[in-house]
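> Dropping the sequence and predicted coords here.
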Amino acid sequence: MDDRPTPPPETEPAEAKRAADPAPRARIRLIFLLPVLIFAGLSIVFFIGLFGDPSRVPSVLIGRPAPQVTLPPLEGLRDAGAQIPGFSSADLAGTPERPVTIVNVWASWCGPCRVEHPVLMELAELPFVTMVGINYKDAPENARRFLGALGNPYDRVGVDSSGRSAIDWGVYGVPETFIVDAEGIVRHKHIGPIEPGQIGPFLEALRAALPEGMRGRVPEV
């Protein structure tokens, strides 16, 4: 009888096992591809914001009540000697005469805000809207100087010095403009400046937010 010990069965080298198992390589590829996929997704979002129609960018607020906010006034901003008030969410509920509220997020340091300001001045002339401004991370003296030089379209101006309220509104950057109906529901969001060439779609959204009997009062463009 052969008393020599039986050699252990041959084992497959570890390198061969790793070569035969595609899972680790797939995981490594995924790790390297993940940043690329994230970058590609962000690029699409930025492309839409820069070159697409800003009014078509979706918002989770559309069809929902406006965020709960309470913002202090811009101190020293006056009309006929009276302080222009800040605002809270309760002020966004429309009245029978002015059922729709336009909420505009702006700042004096924002170049595009200057571009859209003449459009805001025209919108402020509409008799059925209330114009509300959220002054975003601005120096009060600069904000007052901005409105003093270009005109004040706002019935109320709330100061968002920390930027917290802008986050609640889902603001990407200034300027942004919202249309809120008589029930306090956000009906439309426009990202970026409302330029003269974009006033038509904005007025259409404004018309849709009005009670049916008042829609004919929106001017045609």
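All right, it came through fine. None of these values were measured; they are calculated from a predicted model. Residues are numbered from 1 along each chain as shown.

> any idea whether residue 120 is helix, strand or coil?
Secondary structure, DSSP: H, G, I helix; E, B strand; the rest coil: residue 120 is helix.

> helix or strand for the residue lying closest to residue 104 once chain neighbours are set aside, which one?
In this structure, residue 104 finds its nearest non-sequential neighbour in residue 177, 4.8 Å apart by CB to CB, 6 or more residues apart in numbering. Where C-beta positions appear, they are placed from N, C-alpha and C, glycine not excepted. Per DSSP states H and E: residue 177 is located in strand 176-180.

> Also residue 187?
Per DSSP H and E, the secondary structure element for residue 187 is strand 186-191.

> Can you give the distance from that strand to the centre of its chain?
Distance of strand 186-191 from the chain centroid (CA atoms, centre = their mean, to the nearest Å) equals 8 Å.

> One more: stretch 117-136?
That offset, for stretch 117-136, works out to 17 Å (CA atoms, centre = their mean).

> got the CA positions of it in CSV?
The C-alpha trace of stretch 117-136 is given here as CSV (Å, rounded to 0.1, in the frame of the first residue of the first chain):
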residue,chain,number,x,y,z
HIS,A,117,-37.2,95.5,-15.0
PRO,A,118,-39.0,97.4,-17.8
VAL,A,119,-41.2,94.3,-18.3
LEU,A,120,-42.0,94.3,-14.6
MET,A,121,-43.0,97.9,-14.7
GLU,A,122,-45.4,97.1,-17.5
LEU,A,123,-46.9,94.2,-15.7
ALA,A,124,-47.4,96.4,-12.6
GLU,A,125,-49.8,98.5,-14.7
LEU,A,126,-52.2,95.6,-15.0
PRO,A,127,-55.2,96.4,-12.8
PHE,A,128,-55.9,92.8,-11.7
VAL,A,129,-52.4,91.8,-10.3
THR,A,130,-50.5,92.4,-7.1
MET,A,131,-46.7,92.6,-7.6
VAL,A,132,-44.6,91.2,-4.7
GLY,A,133,-40.8,91.3,-4.7
ILE,A,134,-38.5,89.1,-2.7
ASN,A,135,-35.2,91.0,-2.4
TYR,A,136,-32.5,88.2,-2.3
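
> tell me the mean pLDDT for that stretch?
What stretch 117-136 shows for mean pLDDT is 97.

> Also stretch 153-173?
Stretch 153-173 shows a mean pLDDT of 96.

> do the same with stretch 93-101
Rounded mean pLDDT across stretch 93-101 is 95.

> Any chance you could list what contacts that stretch?
Stretch 93-101 is contacted from outside by 91-92, 127-132, 179-184, 206, 209-211, 214, using CB atoms under 8 Å, 6 or more residues apart in numbering.

> try 7 Å this time
92, 128-130, 132, 179-182, 184, 206, 209-211, 214 (CB atoms under 7 Å, 6 or more residues apart in numbering).

> Just those: which are in helices?
Those of the contacts of stretch 93-101 mapping onto helices are 206, 209, per DSSP state H.

> What subset of the contacts of stretch 93-101 is buried?
Among the contacts of stretch 93-101, those buried by neighbour count (16 or more other CB atoms under 10 Å) are 92, 128-130, 132, 179-182, 184, 206, 209-210, 214.

> what residue ranges in the chain score low on pLDDT?
Counting by pLDDT under 70, the ranges of the chain that qualify are 1-59.
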